[in-house]
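[1] Return a 3D structure for these sequence lines:
(one chain, ligands or ions: 1)
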Amino acid sequence: MLVHLNGKLVPHDQARIGVFDRGFLFGDGVYEGLRAFDGCIVGMDRHITRLRDGLAECRIPWDAGRMSALSDELLEANKLRDAFIYWQITRGAPAPGEPPRARIPTGKMTPTVMGFCYATPPLESHTSPATKQVIAARDARWLRGHVKAISLLGGVLSAIEASEAGMDDAILIRDGLLTEGTSANIFIAREGPGGETRVATPSLESAPILAGITRDLLLEAMPTIEVRAIPARELALASEVMLVGTLTMVTSIVGIDGRAVGQGKPGPAANALLATLVEAIRRDRARQERPALAVRTAASTTN
Ligand SMILES: Cc1ncc(COP(=O)(O)O)c(C=O)c1O
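    The predicted structure is shown next:
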């Protein structure tokens, strides 16, 4: 696998990052996870905006707009058209002689920019939602959940707890409200007062969660989805609970803490969300109207 490191494409086992890099020492950096289907990257502009906002909040000087061309280079170098693409931008390492662990960054640092990609299934294979059994756990992550920070220990520990309990993942609850999954946003479906099914997802104001690109695509395509604070007790009333994300696509949560959700299998709401997402991705791809990767010019190696 060829990875992108500071402007160069290098075999992954030859890529090297210094031990004083603040990403390694402090988790001082941000990341993006993107998905390419048939050579087109889903929602690139949205990913660039989110990365730009995260870099600005963290005061890391890097031009997020470069992620688009660099992603194309990565795909082309690895000869992939259906792939997950990961980018990580850390603050970098202090100059020689500067204290490596000063909380306040001293001197001029050059951000470390690293990206890799690996093959994932094509869009056509997403015909029905995947399923997961989860635990409901206390959301003990930091309070800046809107920043896509590389320090993911809170989510990692919840996922490990889930695995130790024989489950696939965790969904998180803070102050009695549903927040999100460890690596995806959450949606619920429940019956409204007139017997109709209503789909809802936590609002960004109700909890410190990530504004997921997949969540955004779904909210744009389905304006009837409610965006509000969701008390955790609604989980017991839900006919369906779903996770949505770049890699997750739409995954049905079929059991929580060993109790079946609804019919214990993907239902109409999950199927509708997945069909809507696949359609939104197709539209996004058609809008881009980009030439096939194979006929574009060779990768440059500038950063
Ligand atoms: C905590 C968290 N929430 C939500 C998401 C979904 O975001 P997106 O749809 O942009 O992949 C992710 C994806 O990594 C995540 O880590």
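
[2] which parts of stretch 154-172 are buried?
    154-155, 158-159, 162, 167-172 (16 or more other Cβ atoms under 10 Å). Just so you know, the C-beta spots here come from the backbone N, C-alpha and C atoms, and that holds for glycine as well.

[3] try stretch 5-21
    5, 9, 15, 17, 20-21.

[4] Same check on stretch 199-215?
    Buried residues in stretch 199-215, defined by neighbour count with 16+ other Cβ under 10 Å: 199-202, 206-215.

[5] what do you get for stretch 100-115?
    Quick answer for stretch 100-115 (16+ other Cβ under 10 Å): 105, 109, 111-115.

[6] Could you export the residues you listed as CSV, including distance to residue 77?
    Formatted as CSV, the buried residues of stretch 100-115 follow (distance: Cβ to Cβ, whole Å):
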residue, distance to residue 77
105, 32
109, 27
111, 21
112, 19
113, 15
114, 14
115, 10
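
[7] Restrict the residues you listed to those that also contact the ligand, please.
    Under the cut-off given by Cβ under 6 Å from any ligand atom, the ligand has nothing from the buried residues of stretch 100-115 close to it.

[8] want to try TSV for these, with distance to residue 147 and secondary structure as columns?
    Shown next, in TSV, are the buried residues of stretch 100-115 (distance: Cβ to Cβ, whole Å; DSSP: H, G, I helix; E, B strand; the rest coil):
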residue	distance to residue 147	secondary structure
105	17	coil
109	19	coil
111	16	coil
112	18	strand
113	18	strand
114	18	strand
115	19	strand
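
[9] Now compare those residues and name the two farthest from each other.
    Within the buried residues of stretch 100-115, 105 and 115 form the most distant pair, 22.6 Å apart (Cβ to Cβ).

[10] Near residue 47, how many residues? Count them for me, please.
    24 (other Cβ atoms under 10 Å).

[11] Residue 235 versus that one, what's the distance?
    30 Å (Cβ to Cβ, to the nearest Å).

[12] Then residue 60?
    Distance from residue 60 to residue 235, by Cβ to Cβ: 37 Å.

[13] what does the stretch 151-300 of the chain put close to the ligand?
    Counting by Cβ under 6 Å from any ligand atom, the stretch 151-300 of the chain sits next to the ligand at 180, 183-185, 210, 212-215, 245-246.

[14] So residue 50 belongs to a helix, correct?
    Yes: Residue 50 forms part of a helix when assessed by DSSP: H, G, I helix; E, B strand; the rest coil.

[15] quick one: it and residue 33 touch, right?
    No: counting by Cβ atoms under 8 Å, residue 50 sits too far from residue 33 to count as a contact (10.6 Å).

[16] is it true that residue 54 lies in a helix?
    Yes: under three-state DSSP, residue 54 falls within a helix.

[17] residues near the nearest residue to it once chain neighbours are set aside, how many?
    With sequence-adjacent residues excluded and distances taken as Cβ to Cβ, 6 or more residues apart in numbering, residue 54 is closest to residue 30, at 4.1 Å. Counted with other Cβ under 10 Å, residues neighbouring residue 30 total 26.

[18] that older thread, from the residues of the stretch 151-300 of the chain next to the ligand, pick the one nearest residue 83.
    Checking those against residue 83 with Cβ to Cβ, the nearest one is residue 246 at 11.3 Å.

[19] hmm, back to that, helix/strand/coil for the residue nearest to residue 54?
    strand.

[20] Kindly report the same for residue 116.
    Here residue 116 is recorded as strand under three-state DSSP.

[21] Repeat that for the one 5 residues further on.
    Classification of residue 121 into helix, strand or coil gives coil, according to three-state DSSP.

[22] The closest residue to it other than its chain neighbours: neighbouring residues, count only.
    Computed as Cβ to Cβ, 6+ apart, the closest residue to residue 121 that is not its neighbour in sequence is residue 82, at 6.6 Å. The local packing of residue 82 (other Cβ under 10 Å) involves 17 other residues.
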